[in-house]
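> sequence first, predicted model second:
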Amino acid sequence: MLFLARMDVQFPAHLSAEDVTRMQGLEKEYSQALQQDGRLASIWRVVGEYANYSVFDVESNDELHQILSSFPMYPFMKIKVTPLAKHPNSIR
Ligand SMILES: O=C(O)CC1=CCC(=O)O1
């Protein structure tokens, strides 16, 4: 099952720069593991925003929820998920 997720990041003002850097490092590690195993099929930066669009390829809604809620920066992200179906005009 394919899902498009938009993630908007907003760190609280009281978080130190060191904590933000540490979070970003943990996020990168987790994100790259998901990319290695194919569940995070692609991730794109939204130009000019601290946000991304990501395509997930997973078995179920429950699996996607588990993945999203395990992102280290999950408490600091607003996430909007759109389920994707095959377009009838697609050649792939
Ligand atoms: O867009 C970001 O930087 C936050 C994020 C979520 C998953 C990821 O790899 O980065």
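Structure received.

> from here on, contacts and neighbour counts on C-alpha atoms
Fine.

> show me which residues of this protein sit near the ligand.
E27, K28, S31, Y50, A51, N52 (CA under 6 Å from any ligand atom).

> in which helix or strand would I find the third one?
Element membership for S31 (DSSP states H and E) is helix 17-36.

> what segments of this protein are strands?
Under the criterion DSSP state E, strands of the chain are mapped to 2-9, 40-45, 51-57, 77-84.

> tell me the contacts of the nearest residue to T82 once chain neighbours are set aside?
The shortest distance from T82 to any non-neighbouring residue, by CA to CA, 6 or more residues apart in numbering, is to L4 (5.1 Å). For L4, the contact set (CA atoms under 8 Å, 6 or more residues apart in numbering) comprises Y53, S54, V55, F56, V81, T82, P83, L84.

> by neighbour count, which of those residues wins?
F56 (25 neighbours; other CA atoms under 10 Å).

> can I assume it is in contact with D37?
No - using CA atoms under 8 Å, F56 is not in contact with D37, being 11.1 Å away.

> how close does the closest residue in space to R39 that isn't next to it in sequence sit to I43?
Among residues not flanking R39 along the chain, D57 sits closest, at 4.8 Å (CA to CA, 6+ apart). According to CA to CA, to the nearest Å, D57 and I43 sit 12 Å apart.

> likewise M73?
Distance from M73 to I43, by CA to CA: 15 Å.

> for the residue most central in space within the chain, what are its contacts?
Centroid check for the chain by CA atoms, centre = their mean gives S54 as the closest residue, at 5.3 Å. S54 makes contacts with L4, A5, R6, M7, L40, A41, S42, I43, W44, as judged by CA under 8 Å, 6+ apart.

> farthest pair within those?
Farthest pair in these (CA to CA) is M7 and A41. Separation: 15.0 Å.
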